[in-house]
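Engineer: Provided below are the primary sequence and the corresponding predicted coordinates.
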Amino acid sequence: MFEILKSCQNCKSFILKPKKEIKLDLEKIGGKAEKFAFEILASTGSMLSLKKDYKVNIYKSGKIVIISKDLKRVQELALELESVLYEKNIIR
């Protein structure tokens, strides 16, 4: 459900871009993410910052940034995040 993009050659992050345009309910995501062992670092209303091995920033637009150079782990986190995000009442 995500397209995985490398942000730049020198950066140590990957961007997950939804394949279709969405709007996320970050408050509901925060509650559900804790059940999947994600730690909430910050919530601003337009961005939710989580941590599970690596820092993950989720934006209302559906874009997700994972701070990691490990593509295999990013792919694993992308699958876990799909379980959190793609549920009724999470996407508007």
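Structural biologist: Cool, got the structure.

Engineer: could you list the residues in contact with the top helix by length along the chain?
Structural biologist: For the chain, the longest helix by residue count, based on DSSP state H, is helix 71-85. Outside helix 71-85, the residues within contact range by Cβ atoms under 8 Å, 6 or more residues apart in numbering are 1-2, 4, 14, 16, 24, 29, 32-33, 36, 38, 52-54, 56, 58, 62, 64, 66, 68, 90-91. All C-beta spots, glycine's among them, are computed from the backbone N, C-alpha and C.

Engineer: now do stretch 36-52
Structural biologist: 26-27, 29-30, 33-34, 55-60, 77, 80, 83-84.

Engineer: just flag the most distant two among the residues you listed.
Structural biologist: Glu27 and Leu77 (20.9 Å; Cβ to Cβ).

Engineer: more crowded one of the two?
Structural biologist: Counted by other Cβ atoms under 10 Å, Glu27 and Leu77 do not tie: Leu77 has more neighbours, with 22 against 11.
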